[in-house]
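In: coordinates for the following, if possible.
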Amino acid sequence: MGSFKTTLEWAWSICHFSVLAKAMENNNEEISSNAFI
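Out: Below is the predicted model:
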């Protein structure tokens, strides 16, 4: 059960980060590119 929860949280974190990164790119490409350097 704990292992499943960890996997679910990991997948959710990846998905959430992807959405956040995409939103940052759409709003301000300069900030997005600087954040990943």
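In: how near is L8 to C15?
Out: Using CB to CB, to the nearest Å, L8 is found at 11 Å from C15. Every C-beta, even on glycine, is put in place using the N, C-alpha and C of the backbone.
In: which helices and strands sit right next to the helix or strand containing L8?
Out: Here L8 is covered by helix 2-27, with elements defined by DSSP states H and E. Helix 2-27 is packed against helix 29-35, with contacts defined by 3 or more CB pairs under 8 Å, 6 or more residues apart in numbering; DSSP states H and E.
In: which stretches of the chain have low pLDDT?
Out: Counting by pLDDT under 70, the ranges of the chain that qualify are 1, 28-37.
In: list the contacts of the residue nearest to the spatial centre of it.
Out: For the chain, the residue nearest the mean C-alpha position is F17 (0.8 Å; CA atoms, centre = their mean). By CB atoms under 8 Å, 6 or more residues apart in numbering, F17 lies in contact with nothing.
In: the helix holding L8: how far from the chain's middle?
Out: How far helix 2-27 lies from its chain's middle: 4 Å, per CA atoms, centre = their mean, to the nearest Å.
In: what's the burial count for L8?
Out: 10 (other CB atoms under 10 Å).
In: I should have written E25 there, sorry.
Out: Other residues near E25 come to 12 when the count uses other CB under 10 Å.
In: T7 too?
Out: Number of residues near T7 (other CB under 10 Å) recorded here: 10.
In: next: L20.
Out: The local packing of L20 (other CB under 10 Å) involves 10 other residues.
In: heads up, I number from 326, so please use that
Out: From this message on, residue numbering opens at 326, which makes the last subject L345.
In: for S328, see how far away it is.
Out: In terms of CB to CB, L345 sits 26 Å off from S328.
In: and if you look at W335?
Out: For W335 relative to S328 (CB to CB), the value is 11 Å.
In: neighbour count winner among those two?
Out: W335 (10 against 7).
In: contacts only, for the more buried one.
Out: If a contact means CB under 8 Å, 6+ apart, then W335 has no contacts.
In: against S328, how distant is S338?
Out: According to CB to CB, S338 stands 16 Å off from S328.
In: with A346 instead?
Out: From A346 across to S328, the span is 27 Å (CB to CB).
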